[in-house]
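Visitor: using only what follows, build the 3D model:
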Amino acid sequence: MKKILALALVIVSVFAVAIPALAAVWSDRYGDDDLYSNTQGDVDRYIRNVQADLNKYFENVSMWQIEVDGYYGEETKTAVRRFQLLTGLSIDGITGDDTKDKLWEVYQGTISPYPPFN
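Guide: Numbering: from 1, shown residues only. The predicted model follows:
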């Protein structure tokens with residue numbers, strides 16, 4: 001019983017360290033707040049990163065490319081909604097934690113770009 005408890009403690013400890021570290025990594029790229037409109041500050045940098053990663057995902061579909069301008073307008077919201085739809089996320093046009101997780105996978109190359117139309 002003591003061995004099982006010790007193993008459980010080790011597993012919990014690993015997750016307690018690994019999960020915040022992962023969030024901190026994408027936090028540097030996308031910020032901690034949900035992105036859905038423009039606000040003052042360095043949010044523009046985060047929005048540019050979201051836009052660049054959306055373009056990377058849609059690189060095979062030129063008509064779905066968006067301008068990387070740091071502005072979270074209708075074009076970006078539409079691209080986020082499309083990305084959410086195609087990756088199985090809730091569709092709300094907001095770049096929240098779940099969307100950031102998927103975008104991070106695009107950035108890291110663990111999600112392949114959307115295939116071209118035939």
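
Visitor: now do the helices in this structure.
Guide: 2-30, 43-57, 74-86, 97-108 (DSSP state H).

Visitor: any idea which of these scores lowest on pLDDT?
Guide: Lowest mean pLDDT within the helices of the chain: helix 2-30, at a mean of 62.

Visitor: list the contacts of residue 25.
Guide: Residue 25 makes contacts with residue 104, as judged by Cβ atoms under 8 Å, 6 or more residues apart in numbering. The way it works is simple: take the backbone N, C-alpha and C, and place the C-beta from them, glycine included.

Visitor: measure it to residue 98 for me?
Guide: Going from residue 25 to residue 98 by Cβ to Cβ, to the nearest Å gives 16 Å.

Visitor: one more: residue 49?
Guide: Residue 49 is 17 Å from residue 98, by Cβ to Cβ.

Visitor: neighbour count for these two, which is higher?
Guide: Using other Cβ atoms under 10 Å, the more surrounded residue of residue 49 and residue 98 is residue 49, with 23 against 15.

Visitor: tell me who's in contact with the more buried one.
Guide: Taking Cβ under 8 Å, 6+ apart, we find residue 49 in contact with 29, 30, 107.

Visitor: count of residues packed around the second one?
Guide: It stands for residue 30. 26.

Visitor: chain neighbours aside, what residue packs nearest to it?
Guide: residue 100 (4.7 Å; Cβ to Cβ, 6 or more residues apart in numbering).

Visitor: give me the contacts around stretch 102-111.
Guide: Against stretch 102-111 from outside (Cβ under 8 Å, 6+ apart): 25-26, 29-30, 49-50, 53-54, 56-57, 83, 87, 89, 95, 113.

Visitor: any buried residues in that stretch, and which?
Guide: 102, 103, 104, 105, 106, 107, 111 (16 or more other Cβ atoms under 10 Å).

Visitor: nearest to residue 69, of those?
Guide: The closest of those to residue 69 turns out to be residue 103 (Cβ to Cβ; 17.3 Å).

Visitor: residue 84 versus that closest one, what's the distance?
Guide: Here residue 103 is placed at a distance of 10 Å from residue 84 (Cβ to Cβ).

Visitor: wait, the residue nearest to residue 30 sits on residue 26?
Guide: Yes - counting by Cβ atoms under 8 Å, residue 26 is a contact partner of residue 100 at 5.2 Å.
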